[in-house]
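Undergrad: Next come a sequence and a model predicted from it.
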Amino acid sequence: MLGKPEPVIVQVEINSENDKAQALAERLSLPLIEASSPWLANSIRLRYQDAVLYALSVDPAGAEMAVKADFQQVLSTRRRQQAQGELLIKAVQGRQRQPLFILDATAGMAVDSMVMAAMGHQVLALEQSSVVYEVVQDGLQRAAHAGISLLPDLHQAEAVAWLTINAEQMFDVIYLDPMFAESSKRALPRKNMQLLRRLTEAQTGSETLLSLAKTRARLRVVVKRPLKGGSLAGSPDYSIKGQRIRFDIYQSN
Ligand SMILES: C[S@@+](CC[C@H](N)C(=O)[O-])C[C@H]1O[C@@H](n2cnc3c(N)ncnc32)[C@H](O)[C@@H]1O
């Protein structure tokens with residue numbers, strides 16, 4: 001029988017950007033370590049280097065894998081690979097042409113949030129993991145300094161709790177992209193997805209989130225799913241299919 005996954009240990013490296021590292025360790029109540037200290041099993045390190053916050057892990061061969069949020073890259077990649085972005089935009093916008101108020105309740109690395117914000121929509125993004133939040137917020141600050149103005153507004157919060165506290169807040173569209181179950185057939189997921197998986201292994205309750213979201217979206221709830229995966233709950237009104245993923249759309253009445 002498979003045991004419970006080992007909890008991930010997160011540490012912050014002390015380095016030349018000491019003040020930032022110390023403030024981060026304090027904010028997240030994480031231990032500070034020397035960059036030269038040996039890697040612990042099942043650990044992730046946060047490192048500031050050249051004013052960029054990286055989350056690092058080591059692969060089984062001992063090679064470091066570094067993840068950062070780079071929204072300039074998201075924008076330029078999107079220009080090259082419009083298809084996936086267009087599918088998302090088609091799913092969230094429907095026939096509407098005016099800017100929408102969108103809640104991305106499962107922001108992750110905020111790539112989808114960025115694509116929606118770049119289209120001129122007002123995007124409030126929620127991420128439950130404080131580590132992922134810090135890495136993405138660091139990228140958003142660098143993007144703002146680089147003059148990118150259409151950015152999502154990111155908050156660190158669990159979405160069901162946030163929606164419950166902000167009980168009057170309605171959105172035009174609510175977007176959900178909970179973590180897919182790992183498919184044994186696929187090649188290793190991209191390194192930012194591997195990191196997200198390790199940091200969010202305890203994720204549960206996507207069905208509760210979907211049913212709450214349906215009561216708070218004026219137009220629709222959009223859920224990203226693997227192309228052949230089941231729906232998150234109930235039957236969507238329709239789906240928009242891509243090569244590997246699809247968007248399930250639940251219309252509001
Ligand atoms: C598959 S990733 C999302 C990827 C994202 N669409 C992107 O473009 O980068 C799922 C993320 O949702 C977050 N998440 C899952 N359930 C959540 C919840 N109830 N509240 C807030 N965040 C949640 C996880 O922590 C994880 O980072």
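TA: Cool, the structure landed. All values derive from a computational prediction rather than experimental measurement.
Undergrad: does the helix or strand where residue 114 lies come close to the ligand?
TA: Element membership of residue 114, judged by DSSP states H and E, is helix 111-118. Yes. Using C-beta under 6 Å from any ligand atom, helix 111-118 reaches the ligand at 111, 112. (Glycine included, C-beta is placed from N, CA and C.)
Undergrad: now that helix, how far from the centre of its chain.
TA: 11 Å (C-alpha atoms, centre = their mean, to the nearest Å).
Undergrad: buried residues in it?
TA: Judged by neighbour count (16 or more other C-beta atoms under 10 Å), helix 111-118 contains these buried residues: 111, 112, 113, 114, 115, 116, 117, 118.
Undergrad: Hmm, residue 88 and the fifth one touching each other?
TA: In this case it means residue 115. Yes. If you go by C-beta atoms under 8 Å, residue 115 and residue 88 touch, sitting 5.9 Å apart.
Undergrad: Can you pull the residues that touch both of the two?
TA: Common neighbours of residue 115 and residue 88 (criterion: C-beta atoms under 8 Å, 6 or more residues apart in numbering): none identified.
Undergrad: Can you pull up the residues of the stretch 151-253 of the chain that come close to the ligand?
TA: So the stretch 151-253 of the chain meets the ligand at 158, 159, 160, 177, 178, 179, 196, 200, 203, 209 (C-beta under 6 Å from any ligand atom).
Undergrad: got a list of what the second one touches?
TA: Which is residue 159. Per C-beta under 8 Å, 6+ apart, neighbours of residue 159: 103, 105, 106, 126, 128, 209.
Undergrad: And the residues you listed, which two are furthest apart?
TA: 103 and 128 (13.8 Å; C-beta to C-beta).
Undergrad: Could you check which of these two has the larger neighbour count?
TA: Comparing residue 103 with residue 128 by other C-beta atoms under 10 Å, the one with more neighbours is residue 103, at 28 against 21.
Undergrad: Find the nearest non-adjacent residue to the residue in the stretch 1-150 of the chain that the ligand sits nearest to, please.
TA: The ligand sits closest to residue 108 of the stretch 1-150 of the chain, with a gap of 2.6 Å, by C-beta to the nearest ligand atom. The shortest distance from residue 108 to any non-neighbouring residue, by C-beta to C-beta, 6 or more residues apart in numbering, is to residue 196 (5.5 Å).
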